[in-house]
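Asks: got a structure for you, letters missing:
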């Protein structure tokens, strides 16, 4: 499902002395099936953009086209539910949204709201718990008796259970330990590929954006200032620094290496594995040259 | 809607009123509430109105802003005004259409009550608009100080008040966040029959309570580790500073009371 | 020899003393920390780290063994004495901000300890200067970033002029920039004052800066040593749910790709240096 933000502007508390402009003329195209990372400094408007992706906010200017539906300032609330079913959001610290008596009921909450049958919702919950690497007996436990990492997974399952076409992730790994972080990010990537999801990742981690995304958008002071492929966005270090972002560590290390050696590697290293490969290649070539 | 309300909000500034000691401001407001009832004729009500606008002027809060922000209160004001016009009978009949008759006394009372209401709302708003909540708390704690002798837990109350105030924005943010998260999961708060709506509030309230308890626990730990053991033996970082302008302001109000008293009938 | 500022001797603590089947949160733990050291206590979520923090500040008492700090054994009697000599910064930046504004929050511990007003004013300014937040005196917490709130919390701890600063997952809820701010603040503070710091963390980049690392696993001490010694164990840390610092991960990946890197490098610069030497020798 395509999502298209067209000249979107948004102000909080419109027409009051507390009015605050959050977005100016934002244009972003999120093609169906893409993995888009939205990066930007804290306060750049990332999370305001995110809330437009499933019509939690309606633009005060311009419009957002989500699949077949267009949302602008005048769109009525009734039409928004359908959009929300198709676009699932995993918010930052999603475990805060858990509320039901058992994990099973909590995971079923979303699907049931959207008219999925009990059996189907329950089937999805069982399947997801397994997929997320949780022991099967958590289903009957209270979500509040779980560890922090398990609560996070249950909350994510609650969003996935709606089987959305588009998955929006807002810093989904904040506060997790390194192992948990990697597992969750890999899982989202696997789902993205397997189910052909459209994924939007809002993140502070340049490494994650470089590793997983095929499109990157930079937000800065309420504007979308650049979009492009990761290799182009992240090799332009000057631009990144202008927007108070740091290049991924792999690229920083690559640049240090290139500077020291006085050579240029063939391609930009978006992941650690790619960097190792690029460096090894440079060494082998060096050997052949002798 | 909520964003437009200014009732209970604080707007930082550097006016004469902003710089006044919170104790002086609280006393001023209480005294003012009392003397509003001294006015009883056209002249005294006009004086009251003039005095109020003088205070607004001193606070440098824009009148437009004040009027705009207090809109919901004005609906109440117009309602009381109407009540008086239609139901107070006395004096000459001014005009009538159909069964509605407006008497001179009704109009007079309507206007007076409206002015009384207006000045009260303006003056109390000026207090909250020009004084940070924490200063108000400080002021109340000191003013209530004497009641410690009759075992009123003044310090604890003030601390509770200041911590609650401190957490209001945090909890508001959180409510918004959880509300949005549940909306994204298809929860439909704010539509449908009452029973359905009550049910829809549960997914919002439970996470809020859970988080509030967690916060309270964390906060208690942080306070204990930082050596908090109740009010005894504590010193105060915030010092209130009673100046000449505070004494003058109160004297001015006393003078004004005398003038009102002189002109009332 | 330096004096011991905090020590655990055979400490065991369980949340369920009646149920023997549940493994204790902390078991037979012993270590000691000298004045002036920077210690990192690392472990994955659920390894017993947060229980250790609570044992350190006397929120919990061990069922067996002994916790001692500032030459006093932790007990109901010595508790407040010990607490007045240590500062603590917790995980959630919002839930430890007591004051209505930055300066009120920094003054909170001073008020509790009955410091006279004039002295307070001086100390609040001084501590805020140490964390570079002196321009934010009157700011309210909801107008600050997470990193700024944590720096204020550090200032609040410093105001009491403690001998020991404990950071309990103080960076884990922050964005990368906030994390950098806090780590940089601690580094500068150490350079300036040589304050003893215990940081409880799962961020290995943060731990790499410490003098000594204690690795926790399943409530027990898994390993103890300098960052070099601990990181040398390599993949062992990964199996514990932790990670190696970036430069070390790269070193390993390079070896796998067939580049013979000799040293174990903690920083990117060291790694580049060796690669350069190696490359230019050929």
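Replies: Looks like it arrived, so ask away. Note that the coordinates shown come from a computational prediction; the quantities given were computed from them, not determined experimentally. Numbering: from 1, shown residues only, chains lettered A, B, ... in the order given.
Asks: Get me the contact residues on chain B for chain C.
Replies: B:132-134, B:162-163, B:165-166, B:169-170, B:173, B:214-215, B:218-219, B:221-229, B:233-239 (C-beta under 8 Å from any C-beta of the partner chain). Glycine gets a C-beta too; all of them are placed from N, C-alpha and C.
Asks: what's the closest non-adjacent residue to residue C:175?
Replies: residue A:204 (4.4 Å; C-beta to C-beta, 6 or more residues apart in numbering or on different chains).
Asks: same thing with residue C:232?
Replies: Counting by C-beta to C-beta, 6+ apart, residue C:232 lies nearest to residue C:264, which is 5.7 Å off, once chain neighbours are set aside.
Asks: In the stretch 51-200 of chain C, mark out all the strands, start to finish.
Replies: Using DSSP state E, counting those that start in this stretch, the strands of the stretch 51-200 of chain C run over C:64-69, C:72-73, C:86-89, C:164-168, C:196-201.
Asks: Ok, which of the ones you listed comes nearest chain A?
Replies: strand C:196-201 (9.7 Å; C-beta to the nearest C-beta).
Asks: May I have the secondary structure class of the residue nearest the centre of chain A?
Replies: Central residue of chain A (C-alpha atoms, centre = their mean): residue A:201, 1.4 Å from the mean position. Here residue A:201 is recorded as strand under DSSP: H, G, I helix; E, B strand; the rest coil.
Asks: List the residues that contact it.
Replies: A:35-38, A:169, A:172, A:188, A:208-209, A:212-213 (C-beta atoms under 8 Å, 6 or more residues apart in numbering or on different chains).
Asks: is it possible to export these to TSV including secondary structure and pLDDT?
Replies: Putting the contacts of residue A:201 into TSV (DSSP: H, G, I helix; E, B strand; the rest coil; pLDDT from 0 to 100) gives the following:
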residue	secondary structure	pLDDT
A:35	strand	97
A:36	strand	97
A:37	strand	97
A:38	strand	97
A:169	strand	96
A:172	coil	93
A:188	helix	96
A:208	helix	94
A:209	helix	95
A:212	helix	96
A:213	coil	96
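Asks: so where's the stretch 151-282 of chain C shaky on pLDDT?
Replies: Per-residue confidence for the stretch 151-282 of chain C (pLDDT under 70) gives these ranges: C:281-282.
Asks: got the residues of it near chain A?
Replies: Counting by C-beta under 8 Å from any C-beta, the stretch 151-282 of chain C sits next to chain A at C:172-173, C:175-178, C:202, C:204, C:238, C:241-243, C:246-247, C:249-250, C:253-254, C:256-259, C:268-269, C:271-273, C:275-276, C:279, C:282.
Asks: Tell me the buried residues within these.
Replies: C:172-173, C:175-178, C:202, C:204, C:238, C:241-243, C:246-247, C:249-250, C:253-254, C:257, C:259, C:268, C:271-272, C:275, C:279 (16 or more other C-beta atoms under 10 Å in any protein chain shown).
Asks: Show only the entries of those found in helices.
Replies: C:176-178, C:204, C:238, C:246-247, C:249-250, C:253-254, C:268, C:271-272, C:275, C:279 (DSSP state H).
Asks: Run a quick neighbour tally on the residue lying closest to residue C:75 once chain neighbours are set aside.
Replies: The shortest distance from residue C:75 to any non-neighbouring residue, by C-beta to C-beta, 6+ apart, is to residue C:61 (7.8 Å). Residue C:61: 15 surrounding residues under other C-beta atoms under 10 Å in any protein chain shown.
Asks: I'd like the distance between residue C:61 and chain A.
Replies: 24 Å (C-beta to the nearest C-beta, to the nearest Å).
Asks: Over to residue C:224?
Replies: Counting by C-beta to the nearest C-beta - residue C:224 and chain A are separated by 20 Å.
Asks: My guess is that residue contacts residue C:214. True?
Replies: Yes: between residue C:224 and residue C:214 there is a contact under C-beta atoms under 8 Å: 4.9 Å.
Asks: Of the two, which one has the most company?
Replies: The residue with more neighbours, out of residue C:224 and residue C:214, is residue C:214; 25 against 16, by other C-beta under 10 Å.
Asks: For the more buried one, grab phi and psi.
Replies: phi -110, psi 120 (degrees, to the nearest 10).
Asks: Okay, and the beta partners of it?
Replies: residue C:41, residue C:224 (DSSP bridges).
Asks: Next up, phi/psi of the closest residue to chain B within the stretch 51-200 of chain A, please.
Replies: Proximity of the stretch 51-200 of chain A to chain B (C-beta to the nearest C-beta) peaks at residue A:113, 3.1 Å away. Residue A:113 adopts backbone torsions of phi -60, psi -30, taken as degrees, to the nearest 10.
Asks: which residues in chain A form helices?
Replies: Counting by DSSP H, the helices of chain A are A:46-52, A:80-86, A:103-113, A:118-131, A:148-160, A:178-194, A:206-212, A:230-235, A:237-242, A:249-261, A:272-289.
Asks: Revised request: answer the last question for the stretch 51-200 of chain B.
Replies: Remark: helices assigned in the stretch 51-200 of chain B by DSSP state H, counting those that start in this stretch are B:63-69, B:71-87, B:104-130, B:133-143, B:154-184, B:194-225.
Asks: Just put these in CSV and tack on distance to chain A.
Replies: Listed next are the helices of the stretch 51-200 of chain B as CSV, based on distance: least, C-beta to the nearest C-beta, whole Å:
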stretch, distance to chain A
helix B:63-69, 6
helix B:71-87, 11
helix B:104-130, 11
helix B:133-143, 17
helix B:154-184, 4
helix B:194-225, 4
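Asks: Please verify my assumption that residue A:75 contacts residue A:60.
Replies: No: checked against C-beta under 8 Å, the pair residue A:75 and residue A:60 is beyond contact range at 12.0 Å.
Asks: Could I get the contacting residues of the residue nearest to residue C:75?
Replies: C:55, C:67, C:74-75.
Asks: Quick check: it vs chain B, distance?
Replies: 14 Å.
Asks: ok, now residue C:13?
Replies: 16 Å.
Asks: and that residue, what pLDDT?
Replies: On pLDDT, residue C:13 comes in at 95.
Asks: so it makes contact with residue C:66?
Replies: No: Residue C:13 lies out of contact with residue C:66 (C-beta under 8 Å); the separation is 11.9 Å.
Asks: Neighbour count for these two, which is higher?
Replies: Each of residue C:13 and residue C:66 has its neighbours counted (other C-beta under 10 Å); residue C:13 has more, 23 against 15.
Asks: bridging residues for that one?
Replies: residue C:26.
Asks: quick one: contacts for it?
Replies: Per C-beta under 8 Å, 6+ apart, neighbours of residue C:13: C:24-26, C:51, C:55, C:60, C:62-63.
Asks: same thing with residue A:34?
Replies: A:198-199, A:214-215.
Asks: same check, this time on residue B:116
Replies: B:36-37, B:39, B:45, B:48.
Asks: Weed out the non-buried ones from the residues you listed.
Replies: B:36, B:39, B:45, B:48.
Asks: The first one reaches residue B:119, doesn't it?
Replies: Yes: using C-beta under 8 Å, residue B:36 is in contact with residue B:119, at 6.2 Å.
Asks: okay, and for the stretch 151-290 of chain A, where does confidence drop off?
Replies: A:286-290.
Asks: How about the residues of it by chain C?
Replies: Checking the stretch 151-290 of chain A against chain C by C-beta under 8 Å from any C-beta, the hits are A:171, A:174-180, A:204-205, A:246, A:249, A:252-253, A:256-257, A:260-261, A:272-273, A:275-277, A:279-280, A:283-284, A:286-287, A:290.
Asks: For PyMOL, what selects the buried ones among the residues you listed?
Replies: Those of those that count as buried under 16+ other C-beta under 10 Å are selected in PyMOL with:
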select buried, chain A and resi 171+174+175+176+177+178+179+180+204+205+249+252+253+256+257+261+272+275+276+277+279+280+283
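Asks: rewinding a little: what's the nearest residue to the residue of the stretch 51-200 of chain A closest to chain B if we skip its chain neighbours?
Replies: residue B:186 (3.1 Å).
Asks: No further queries at this time; thank you.
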